[in-house]
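# This is a predicted model, with the sequence first.
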Amino acid sequence: MKNLLLFLGLFLASIASFSQNSNEEFKPSGDVQFKVFWNYHTDMSENATQTSAFELQRAYFGYAYTFSDVVSAKVTLDVGDNSGGSAYTAYLKTAQLDWDVASSVKLSMGLIGMKQFNDQEKFWGYRYIFKSFQDQNGYGSSADLGVNAEFELSKNLKANFLIANGEGYKKLQDEDGKQKFGGSLVFTPVEGLTTKIYVDSQSSVDSDALTTMSLFAGYKISNWRLGAEYNKLNNGKKYSSAAQDHNLDGLSFYSTYEINDKVEIFGRFDQLSSNTLSGESESWNMSKDGNQIIAGIQYLPVKGLSLSLNYQGYSFDNASLDNKSLLFLNAEFKL
């Protein structure tokens with residue numbers, strides 16, 4: 001309750017500082033947006049049942065509208081392969097209102113894009129090929145129903161504070177009404193270097209509070225882009241499934257070298273591990289723990305189109321499981 005009152009106090013203080021007077025004439029405008037992820041892949045894994053296939057992973061359709069120089073909104077539909085419906089099920093992913101209530105304060109409300117791993121995903125740079133580590137392994141959702149306040153504390157320091165239902169955009173309300181509270185600090189000490197710390201906590205009736213913590217550093221220099229992150233989830237099998245003493249640890253390292261303005265090569269290494277529960281002989285997530293390797297090349301023939309030939313492999317910690325080895329041709333086209 002104290003956290004909620006503090007957040008509401010910041011909200012009201014921000015509104016009080018907002019001036020409705022504008023000296024410049026502004027013309028409202030809107031844009032249609034779409035993005036599609038497509039691939040063809042060959043599975044070279046031992047005992048693979050589907051050796052090759054075309055796949056449409058995702059299609060996003062949306063509309064963004066700017067009401068004034070300080071207020072804007074966007075709505076996005078996420079169409080993907082989901083077990084909850086047909087082969088392709090549409091979900092409302094974002095229905096977000098953004099309000100620059102002051103020169104250094106921005107409020108986002110509604111079904112909003114989350115700030116948990118947005119910087120990591122940007123540095124990774126290949127969402128159409130593979131999700132960022134936290135997104136891939138269930139540490140958090142990319143969108144949720146709630147409110148986020150972003151503060152530009154200085155030229156080099158930015159803070160975010162959020163309250164959200166915590167269930168993600170495919171299940172918008174926690175049955176117990178226990179919200180997720182979280183925040184992040186993003187620090188850019190020198191040009192090209194971005195560092196970030198993120199923490200959140202959500203109470204549960206089934207366990208101690210489910211918490212997430214992540215550390216990130218990304219560096220851009222010349223033709224190189226380098227990123228590293230450490231992630232920890234406590235008392236949960238994933239962000240929306242609390243479980244006492246079930247913890248996940250994860251590392252992710254990735255790099256990109258830009259050969260020219262159309263061609264770049266990239267690589268990534270992930271490691272996922274879980275703890276061993278009392279009385280058990282192996283980690284609780286043994287069927288998924290292991291190491292991910294991705295390496296490939298990207299070609300940008302025209303604006304809005306990305307193509308990539310890449311290798312994706314996964315080595316399980318459980319020796320009884322067949323390791324994965326796949327070759328992908330990925331494409332992203334967007335407006």
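Happy to help now that I have it.
# Can you report how many residues neighbour the residue nearest to F151 when sequence neighbours are not counted?
Nearest non-adjacent residue to F151, counting by C-beta to C-beta, 6 or more residues apart in numbering: A159, 4.7 Å away. For every residue, glycine as well, the C-beta is placed using N, CA and C. The tally of other residues near A159 (other C-beta atoms under 10 Å) stands at 15.
# which element is A159 on?
Per DSSP states H and E, A159 falls inside strand 157-164.
# quick one: strands adjacent to the next helix-or-strand element following that strand?
Downstream of strand 157-164, the first helix or strand assigned by DSSP H and E is strand 180-187. Paired strands of strand 180-187, with direction, are strand 157-164 (antiparallel), strand 193-202 (antiparallel) (DSSP bridges).
# and D119, that's in a helix?
Yes: looking at D119 with DSSP: H, G, I helix; E, B strand; the rest coil, it is inside a helix.
# That one and F187: what is the separation?
11 Å (C-beta to C-beta, to the nearest Å).
# swap in L329?
Taken as C-beta to C-beta, the span from L329 to F187 is 38 Å.
# Next, V190: secondary structure please.
Taking three-state DSSP, the label given to V190 is coil.
# returning to that earlier point: for the residue nearest to F151, which residues make a bridge with it?
The partner residues for A159, given DSSP bridges, come to F151, L185.
# for it, what are its contacts?
E150, F151, L153, G183, S184, L185, V186 (C-beta atoms under 8 Å, 6 or more residues apart in numbering).
# Tell me the one of these nearest L56?
Nearest to L56 among the contacts of A159 is S184, at 32.6 Å by C-beta to C-beta.
# Tell me what the residue nearest to the closest one when sequence neighbours are not counted is bridged to.
Distances taken as C-beta to C-beta, 6+ apart put Y198 closest to S184, at 4.1 Å, once the chain neighbours are dropped. Beta-bridge partners recorded for Y198 (DSSP bridges): S184, S214.
# ok, Y198 - how many residues close by?
Around Y198 there are 28 residues (other C-beta under 10 Å).
# cool, and K35?
18.
# ditto for the one 3 residues further on
Counted with other C-beta under 10 Å, residues neighbouring W38 total 16.
# Mind telling me what element it is part of?
Going by DSSP H and E, W38 is part of strand 29-43.
# Then S141?
Going by DSSP H and E, S141 is not in any helix or strand.
# ok, now which ones touch it?
S141 neighbours (C-beta under 8 Å, 6+ apart): M114, E167, G168, Y169, K170, Y239, S240.
# if we go to 6 Å?
Taking C-beta atoms under 6 Å, 6 or more residues apart in numbering, we find S141 in contact with G168.
# So what does it have for phi and psi?
Dihedral angles of S141 (phi, psi; degrees, to the nearest 10) stand at phi -100, psi 150.
# how near is it to Y198?
13 Å.
# Likewise for Y219?
For Y219, the distance to Y198 (C-beta to C-beta) stands at 18 Å.
# list the buried ones in the helix or strand where L326 lies?
Assigned by DSSP H and E, L326 belongs to strand 324-334. Applying a neighbour-count criterion of 16 or more other C-beta atoms under 10 Å, one finds K324, S325, L326, L327, F328, N330, E332 buried in strand 324-334.
# Please name every helix or strand in contact with that strand.
strand 29-43, strand 305-316 (3 or more C-beta pairs under 6 Å, 6 or more residues apart in numbering; DSSP states H and E).
# Quick check: mean pLDDT of it?
Strand 324-334 shows a mean pLDDT of 97.
# Could you write out the alpha-carbon coordinates of the helix or strand following the strand holding W38 in CSV?
Downstream of strand 29-43, the next assigned helix or strand under DSSP H and E is strand 52-66. Coordinates of each C-alpha in strand 52-66 appear next as CSV, following Å, rounded to 0.1, in the frame of the first residue of the first chain:
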residue,chain,number,x,y,z
SER,A,52,12.2,-28.6,-42.4
ALA,A,53,9.3,-26.2,-42.5
PHE,A,54,8.2,-22.7,-43.4
GLU,A,55,7.0,-20.7,-40.3
LEU,A,56,5.2,-17.4,-39.7
GLN,A,57,6.2,-16.6,-36.2
ARG,A,58,4.6,-13.3,-35.6
ALA,A,59,2.6,-10.5,-37.3
TYR,A,60,2.0,-7.2,-35.5
PHE,A,61,-0.7,-4.8,-36.7
GLY,A,62,-1.2,-1.4,-35.1
TYR,A,63,-2.0,2.3,-35.3
ALA,A,64,-0.2,5.2,-33.6
TYR,A,65,-1.8,8.6,-33.2
THR,A,66,-0.3,11.9,-31.8
